[in-house]
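Novice: Pasting the sequence and the predicted coordinates here, then a few questions.
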Amino acid sequence: MPKIKVLRPSWRSLLDRHKFLQLPAAHDALSAKLIEQAGFVAYQVGGFALEGARFGVPDIDLIRFGEKSEAVQEIVTGSGLPVLVDCDDGYGDVKNVTHTVNVYEQMGVSAIFIEDQKPPKRCGHMAGKEVIPPEEMAEKLRAAAAARSDKDAIFLIARTDAEDPNGLDDAMRRCELYVKAGADAIYIEAEHSEKDIKRIAREFKGIHKVVNVFEGGGKSPWMGPKQLQELGFDMALYPTTVLFRMAHAIQDALKTLRSGKQMDSKRAVTMKEFELIVDLPHWALVESRFRSGPVAKVRKVLDKIRA
């Protein structure tokens, strides 16, 4: 697939314009297209959805940067929207973090987040997480900030997974250090209660904040986008919303197929609708334009002469 860099608005300008971003997770180019067509102004590529949908494995550090960056490249070609990419633990030390930022900036990625988990890392809502020393994470963030061509090239979000193993106080102290190290926003993963979410919002006023709305069985309580915005968060991640409903739809389709029943047209798109989703009219126009253009006419004349 050709690597086409699309000029997207900076993440900072996006936040200035929209104030609050709902970020569903795209796991492939089709889901990225559908997110854009649904009216969202940005989206994320999250590790949980990507590993589950593309590779069929759990988010437990089985898939690393080489495979993930290739998948991200394919996904971002499916939509012109600004995209936030989950960069796990940065895939190593400061060298790896620098390389990760360089590669994603060249792809046109607008924002990334890096977490402070100790490898092998895992989904933030799974048990058994450990975190690295905060000073080590601060080094990674300084390297990431320095690797950007400028501060608007990639918006840098620092995620901490420290609340589970160490408590909210440690997670908040880490975030203070991470902001000093160059992070543009903070993200405390797997808040245990609405009280925790409100405390984070209260104590980090004036700083960009991310909250993870992990639907379908996560550790954090569900809160609506309006309530989160009113608290002071400006980004909400939805890593499972599309993935879990998609998995259920596939299970249902296969069950129906195996039973020998015809597809329920009310629960599926039609051929014409799918053609519009993947923008067939655009490609038909390209095909028509160049087949009936001057070059094609000259070729037809030459073919007749040669005959």
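Specialist: That came in fine, so what should we check first? Numbers count the residues shown, from 1 in each chain.
Novice: quick one: low-confidence ranges for the protein?
Specialist: Under the criterion of pLDDT under 70, the regions of the chain flagged as low confidence span 1-6, 292-307.
Novice: How is it divided into domains?
Specialist: Using automatic domain parsing, the domains assigned to the chain come out as 11-248, 269-306.
Novice: Single out the most deeply packed of these.
Specialist: Taking mean count of other C-beta atoms under 10 Å as the contact definition, the stretch among the domains of the chain with the greatest mean neighbour count is domain 11-248, which reaches a mean of 19. In this view, the C-beta of every residue, glycine as well, is placed from N, C-alpha and C.
Novice: and it, how far out from the chain's middle?
Specialist: Averaging C-alpha positions (C-alpha atoms, centre = their mean, to the nearest Å) puts domain 11-248 7 Å from its chain's average.
Novice: wait, doesn't residue 117 sit right on residue 91?
Specialist: No: taking contacts as C-beta atoms under 8 Å, residue 117 lies outside contact range of residue 91: 11.9 Å.
Novice: can you redo the domains of the chain as CSV with distance to residue 260?
Specialist: Listed next are the domains of the chain as CSV, based on distance: least, C-beta to C-beta, whole Å:
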stretch, distance to residue 260
domain 11-248, 21
domain 269-306, 22
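Novice: All the helices of this structure, in order from the start?
Specialist: 11-18, 29-37, 47-50, 65-76, 94-107, 134-147, 163-166, 168-180, 194-203, 225-231, 241-258, 271-277, 280-291, 294-306 (DSSP state H).
Novice: With adjacent residues omitted, what lies nearest to residue 239?
Specialist: In space, not counting the residues next to it along the chain, residue 239 is nearest to residue 46; the distance is 4.2 Å by C-beta to C-beta, 6 or more residues apart in numbering.
Novice: whoops, residue 139 was the one
Specialist: Take residue 139 and drop its neighbours on the chain: the residue closest to it by C-beta to C-beta, 6+ apart is residue 94, 5.6 Å away.
Novice: Check residue 69 too.
Specialist: Distances taken as C-beta to C-beta, 6+ apart place residue 103 nearest to residue 69, at 5.7 Å, with adjacent residues excluded.
Novice: hang on, the earlier thing: now the residue nearest to residue 239, what are its backbone angles?
Specialist: With angles defined as degrees, to the nearest 10, residue 46 shows backbone torsions of phi -100, psi 150.
Novice: Go ahead and confirm it touches residue 214.
Specialist: No: under the contact definition of C-beta under 8 Å, residue 46 does not touch residue 214, with a separation of 10.0 Å.
Novice: which neighbours do these two share?
Specialist: Common contact partners of residue 46 and residue 214 (C-beta atoms under 8 Å, 6 or more residues apart in numbering): residue 239.
Novice: Quick check: residue 183 touching residue 141?
Specialist: Yes: A contact is recorded between residue 183 and residue 141 when judged using C-beta under 8 Å, the distance being 5.4 Å.
Novice: overlap in contacts of these two?
Specialist: With contacts defined as C-beta under 8 Å, 6+ apart, the residues shared by residue 183 and residue 141 are 156, 158.
Novice: where does the residue nearest to residue 127 when sequence neighbours are not counted sit relative to residue 128, distance-wise?
Specialist: Using C-beta to C-beta, 6+ apart and skipping residues adjacent in sequence, the residue nearest residue 127 is residue 164, 7.9 Å away. As defined by C-beta to C-beta, to the nearest Å, residue 164 lies at a distance of 9 Å from residue 128.
Novice: what's the answer for residue 257, then?
Specialist: From residue 257 over to residue 128 (counting by C-beta to C-beta), the distance is 38 Å.
Novice: cool, and residue 268?
Specialist: When C-beta to C-beta is the yardstick, residue 268 and residue 128 sit 39 Å from each other.
Novice: Now for residue 149: which residues touch it?
Specialist: Under the criterion of C-beta under 8 Å, 6+ apart, the contact partners of residue 149 comprise residue 105.
Novice: right, so of the domains of the chain, which gets closest to residue 262?
Specialist: The stretch from the domains of the chain with the least distance to residue 262 (C-beta to C-beta) is domain 269-306; that distance is 13.8 Å.
Novice: Verify the stated contact: residue 203 with residue 172.
Specialist: Yes: here residue 203 lies in contact with residue 172, judged by C-beta under 8 Å, at a distance of 6.4 Å.
Novice: tell me the contacts of residue 49?
Specialist: When contacts are counted by C-beta under 8 Å, 6+ apart, residue 49 is found next to 25-27, 239-240, 242-243.
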